[in-house]
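Asks: model this:
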Amino acid sequence: MNTLAAMRDSVFFEGPDARHRDSRFWMLLVLASIIASAGVVGDSTATVIGAMIVAPLMTPILGIVLATVLGSRRNLVRCWALVITGALCAIAIGYLVGLFVQSPITAQTDSQVAGRISPHLIDLLAALATGVVGAVALVRKDISDTLPGVAIAISLVPPLCVVGLTMESGAWNEAGGALLLFATNVAAILGSGIVILAPLRGKWEGIAAEDAATPARPYRALISIIVSLVIIAIPLASTSVRFTTDSVLESKVRAAAEPWADHSGLQIDALTTSGGRAELTLTGAPPLPSTDQLAQDLRDAGVDPADVDIEFVPAYRVNLGDEPAD
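Replies: The predicted structure is shown next:
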């Protein structure tokens, strides 16, 4: 098990090398934000994962956990300041990168954005588990080498860069969704981390005099974090329900439309669902066949035909051999 001194050295920005640790944090944060923004713009999953490994935000977040358990107000304030200012810096870098991109960076044009603007309850569960692993890795030497995996598992800097990029593109709703993902991850790490470390405080030796003089109230902090998680869970639950409803609708519409399209000589190019409505894009030779049978198949599948819109794209076949020669 790591000593308290080793844990403090891992996550606190204090002591004679505090300035060096600060400069390293900001250098890595700026570079991680640039890498993440470039990865999002280029729609590159590998690049975004690289940014997750470089990003240093997990350190001050775990610092908040340890400072809360110890009752170290100075380190608590310092770590919170680093998380907040670091988040603002990542958003600003994402915004600046967006200024150099001609086309808007939104969910419709970029899968990296689409994957970070609609957090679900499953994301909260993953963040809680990640916080547990991070706290345990802080305490135990034998699993401390898992921290790079923790950095990949939790999404901190990429959603902040998505906030900046979508803000620059004018997609404010998408920016709000990405910010909600970041807030979910931070709150979950704090909550699960305090739960893991609080019972261990009595076993630690060498608690600094300033910490020992301040009564630690981790459970009070934990209550406030739990309240925050409950508040955050409300929009997450709403998003999850909407996502599930749209997925079920897409499955039913596709099951009804595919046989009808094949029989009519049409091809389904796209099927999108949003807000309980479906839009079906078909390609084929004109004219569009009667949709009466499709409407009946949708009713049989439990779908109101009024909730389905069809966009028909006529396709023409031309044999160049029939063209008159010049």
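
Asks: surely Thr283 meets Val313?
Replies: Yes - contact criterion Cβ atoms under 8 Å: Thr283 and Val313 qualify, at 4.7 Å. Any C-beta I mention is one placed from the backbone N, CA and C, and that applies to glycine too.

Asks: got any residues that touch both of those two?
Replies: Asp269 (Cβ atoms under 8 Å, 6 or more residues apart in numbering).

Asks: any idea how far Gly86 is from Ala18?
Replies: Computed as Cβ to Cβ, to the nearest Å, the Gly86 to Ala18 distance reads 16 Å.

Asks: more neighbours, these two?
Replies: Neighbour count, other Cβ atoms under 10 Å: between Gly86 and Ala18, Gly86 has more, with 26 against 12.

Asks: grab the nearest non-local neighbour of the more buried one.
Replies: Leaving aside its sequence neighbours, Gly86 sits nearest to Leu29 (Cβ to Cβ, 6 or more residues apart in numbering; 5.2 Å).

Asks: shaky segments in the stretch 101-250 of the chain?
Replies: Low-confidence segments of the stretch 101-250 of the chain, defined by pLDDT under 70: 142-153, 202-219, 222.

Asks: which residue ranges of the stretch 201-326 of the chain form strands?
Replies: Assigned by DSSP state E, counting those that start in this stretch, the strands in the stretch 201-326 of the chain fall at 267-274, 277-284, 308-314.

Asks: pretty sure Thr184 is in contact with Asp123, am I right?
Replies: Yes - look at Thr184 against Asp123 with Cβ under 8 Å: they come within range, at 6.0 Å.

Asks: between those two, which contacts overlap?
Replies: Common neighbours of Thr184 and Asp123 (Cβ under 8 Å, 6+ apart) are Leu236.

Asks: so which of those two has more stuff around it?
Replies: The neighbour comparison of Thr184 against Asp123 (other Cβ under 10 Å) goes to Thr184, with 26 against 21.

Asks: who's in contact with the more buried one?
Replies: For Thr184, the contacting residues are Pro119, Asp123, Leu124, Ala127, Ile232, Leu236, by Cβ under 8 Å, 6+ apart.

Asks: tell me the one of those nearest Leu160?
Replies: Pro119 (13.5 Å; Cβ to Cβ).

Asks: show me the contacts for the closest one.
Replies: Here Pro119 is in contact with Gly177, Leu180, Leu181, Thr184, Leu236, Thr239 (Cβ under 8 Å, 6+ apart).

Asks: remind me which helix or strand the nearest residue to it once chain neighbours are set aside belongs to.
Replies: Excluding its sequence neighbours, the residue lying closest to Pro119 (Cβ to Cβ, 6+ apart) is Leu181, at 4.2 Å. According to DSSP states H and E, Leu181 maps onto helix 172-197.

Asks: quick one on the thing from earlier: the residue nearest to Pro119 against Ile122, yeah?
Replies: No - using Cβ under 8 Å as the test, Leu181 is too far from Ile122 to be in contact (11.8 Å).

Asks: who has more neighbours out of those two?
Replies: With neighbours defined as other Cβ under 10 Å, Leu181 and Ile122 compare such that Leu181 has more, 28 against 11.

Asks: any idea how far Gly15 is from that one?
Replies: In this structure, Leu181 and Gly15 are 34 Å apart, going by Cβ to Cβ.

Asks: likewise for Pro158?
Replies: Using Cβ to Cβ, Pro158 is found at 31 Å from Gly15.

Asks: more crowded one of these two?
Replies: Pro158 (30 against 11).

Asks: list the contacts for the spatially most central residue of the chain?
Replies: The residue lying closest to the centre of the chain (Cα atoms, centre = their mean) is Arg116, at 3.9 Å. Arg116 is in contact with Ser155, Pro158, Pro159, Val162, Gly177, Ala178, Leu181, counting by Cβ under 8 Å, 6+ apart.

Asks: what ranges do the helices span in the chain?
Replies: With helices called from DSSP state H, the chain shows them at 4-11, 18-41, 45-54, 58-70, 73-99, 111-114, 121-139, 147-153, 157-168, 172-197, 209-212, 218-264, 292-300.

Asks: closest one to Ile105 among these?
Replies: That would be, of those and by Cβ to Cβ, helix 157-168, which comes in at 4.3 Å.

Asks: flag every buried residue along the closest one.
Replies: Val157, Pro158, Pro159, Leu160, Cys161, Val162, Val163, Gly164, Leu165, Thr166, Met167, Glu168 (16 or more other Cβ atoms under 10 Å).

Asks: stretch 63-73 now?
Replies: Gly63, Ile64, Val65, Leu66, Ala67, Thr68, Val69, Leu70, Gly71, Ser72.

Asks: same check, this time on stretch 187-199
Replies: In terms of neighbour count (16+ other Cβ under 10 Å), stretch 187-199 has its buried residues at Ala187, Ala188, Ile189, Leu190, Gly191, Ser192, Gly193, Ile194, Val195, Ile196, Leu197, Ala198.
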